[in-house]
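1. My questions concern the predicted model and sequence given below.
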Amino acid sequence: MTERTVLISGAGVAGPTLAYWLGRAGFRPTVVERAAGLRSSGSPVDVRGPAARVAERMGVTAKLREASTSAEALIFVDDAGRRTGRIPMRLFGADGDIELPRTDLAAILHDAAHEHAEFVFGDSVTELREDAGGVDVTFERGAPRRFDLVLGADGLHSAVRRLAFGPEQAFVEHMGVYIATLPLTGPPPDPAAIEMYNSPGRAVAVHPSRGHGIAAFMFRGAALPGFDHRDTALHRRLLTETYAGAGWLVPPLLDQVRTADDLYFDSVSRVRMDRWSTGRIALTGDAASCVSLFGDGSSLAMAGAYTLAEELGRTPDDPAAAFLRYETAHRKLVEPKQRAVPTAAALLIPATRGGLAARNFGTRLLPLVSAARRWVPARAA
């Protein structure tokens, strides 16, 4: 029996995880990535819950911990930099959770998967033609190839989803928020804490990461007609206009925005689909179910990729049944996170001054609530 060939579009988080497990299950994966190499942009993300168990099985937990960030608290500040609220980071997760820069997570997963898969950078899928025996794939640069299966792990703006299911606007819902990130050129102001500045409908945070720091801009805004997530000139203009007159460290951060080579900018969106597969083509990660402002997307991507590979390994001759089992199981993890997006936005980016005051007051109570919970008997909780 020959190895079954699988094309995976996307070398971020879901793609390498999927390639690793499919390679171990006897498939022959090829991962194609539009970018010329592993990307350097993006905020720190979490590996938690089922993703932590996947990482342990892959033998990469020690490397993830070596790359973990140093933030101990989220601190809210006003225009002058005075602290108005504080949330210990331990309240956001559980023991065993790991936060690390997305670029480091992607690199560690790529290194683990490299011996199990072929990686092709600087290319992308442009056409899919499926029949009963496989999928003929046309690429932007490379020669056409045929695969037994095609799996889209290519993010919010998935090419596989567009080619196999339809236009992006049919599945992607703008959640009223935009986000931009860029690495800082100097050290963070507080090496042990995330500092966040708010004005109504706007937020700017500086994360210490691993000593070099990352800035994040988040602001509320309606969907922009014809918005292009690759138009850097537009992104710089939007950030400059939106944050004009803002206090704290915002003016010097905007100076870095104007010259940054690796500015990331996109809409915070939710992907909702009735099904994640059609024939021999399926989606995973953000391509199937983009969800969160809190870094859960990476954990869900790893967990979903593992489940998809596991189910394909169980019935390699019946991918349709494997896709159905994967989707049924993984939706149970995804749907609660999708419902939580508005709550996350309300915490991070209050829309009014009253909302800001209420949020800041609430942060003072959180440590007391957390302490009280530790003294409540489990059966009474």
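-> Yep, it's here.
2. low-confidence ranges in the stretch 201-350 of the chain?
-> Within the stretch 201-350 of the chain, the segments meeting pLDDT under 70 span 292-295.
3. residue ranges for the helices of it, please.
-> With DSSP state H, counting those that start in this stretch as the criterion, the stretch 201-350 of the chain has helices at 232-242, 250-259, 286-289, 296-314, 319-339, 341-348.
4. wait, which of those helices is closest to residue 59?
-> Comparing those by their distance to residue 59 (C-beta to C-beta), the top pick is helix 296-314, with 13.7 Å. No exception for glycine: its C-beta is placed from N, CA and C like everyone else's.
5. Next, the angle from that closest one to helix 319-339.
-> Interaxial angle, helix 296-314 versus helix 319-339 (axes from the mean of the first three to the mean of the last three C-alpha atoms, to 10 degrees): 160 degrees.
6. now for helix 296-314, which elements pack on it?
-> When contacts are defined as 3 or more C-beta pairs under 8 Å, 6 or more residues apart in numbering; DSSP states H and E, helix 296-314 packs onto helix 14-24, strand 44-47, helix 50-58, helix 102-113, helix 286-289, helix 319-339.
7. and those, which is most packed in?
-> For those, the largest average neighbour count (mean count of other C-beta atoms under 10 Å) is found in helix 286-289, namely a mean of 29.
8. Just want the most central residue of the chain.
-> residue 297 (4.1 Å; C-alpha atoms, centre = their mean).
9. what sits against that one?
-> The neighbourhood of residue 297, defined by C-beta atoms under 8 Å, 6 or more residues apart in numbering, consists of 13, 45, 285, 286, 290, 291.
10. do residue 315 as well
-> Counting by C-beta under 8 Å, 6+ apart, residue 315 has contacts 321, 322.
11. so when I look at residue 87, I'm seeing a strand, right?
-> Yes. Assessed with DSSP: H, G, I helix; E, B strand; the rest coil, residue 87 lies in a strand.
12. So what pairs up with it in the strands?
-> For residue 87, the beta-bridge partners are residue 74 (DSSP bridges).
13. pretty sure it contacts residue 359?
-> No. If you go by C-beta atoms under 8 Å, residue 87 and residue 359 don't touch, sitting 10.0 Å apart.
14. picking up where we left off before, right, and the helices and strands packed on helix 296-314 - which one's nearest residue 205?
-> Across the helices and strands packed on helix 296-314, residue 205 has its closest neighbour in strand 44-47 (10.5 Å, C-beta to C-beta).
15. before we move on, the earlier item: can you put the contacts of residue 297 in a markdown table and add distance to residue 317?
-> Below are the contacts of residue 297 laid out as a markdown table (distance: C-beta to C-beta, whole Å):
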| residue | distance to residue 317 |
| --- | --- |
| 13 | 28 |
| 45 | 35 |
| 285 | 25 |
| 286 | 29 |
| 290 | 31 |
| 291 | 32 |
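16. Between those, which sits nearest residue 117?
-> Residue 117 lies nearest to residue 13 out of the contacts of residue 297, by C-beta to C-beta, at 14.6 Å.
17. Cross-check the contact I'm expecting between that closest one and residue 285.
-> Yes. With contact defined as C-beta under 8 Å, residue 13 counts as touching residue 285 (6.6 Å).
18. Common neighbours of those two, please.
-> By C-beta under 8 Å, 6+ apart, the residues touching both residue 13 and residue 285 are 297, 301, 305.
19. any idea how far residue 334 is from the second one?
-> As judged by C-beta to C-beta, to the nearest Å, residue 301 and residue 334 stand 10 Å apart.
20. ditto for the first one
-> The gap separating residue 297 from residue 334 is 10 Å, by C-beta to C-beta.
21. what residues do the two have in common as contacts?
-> Common contacts of residue 297 and residue 334, defined by C-beta under 8 Å, 6+ apart, comprise residue 291.
22. ok, how many other residues are close to residue 252?
-> For residue 252, the count of nearby residues is 13 (other C-beta atoms under 10 Å).
23. could you give the mean pLDDT of stretch 193-200?
-> Across stretch 193-200, pLDDT averages out at 94.
24. In the stretch 51-200 of the chain, where is pLDDT below threshold?
-> Looking at the stretch 51-200 of the chain by pLDDT under 70, you get 91-95.
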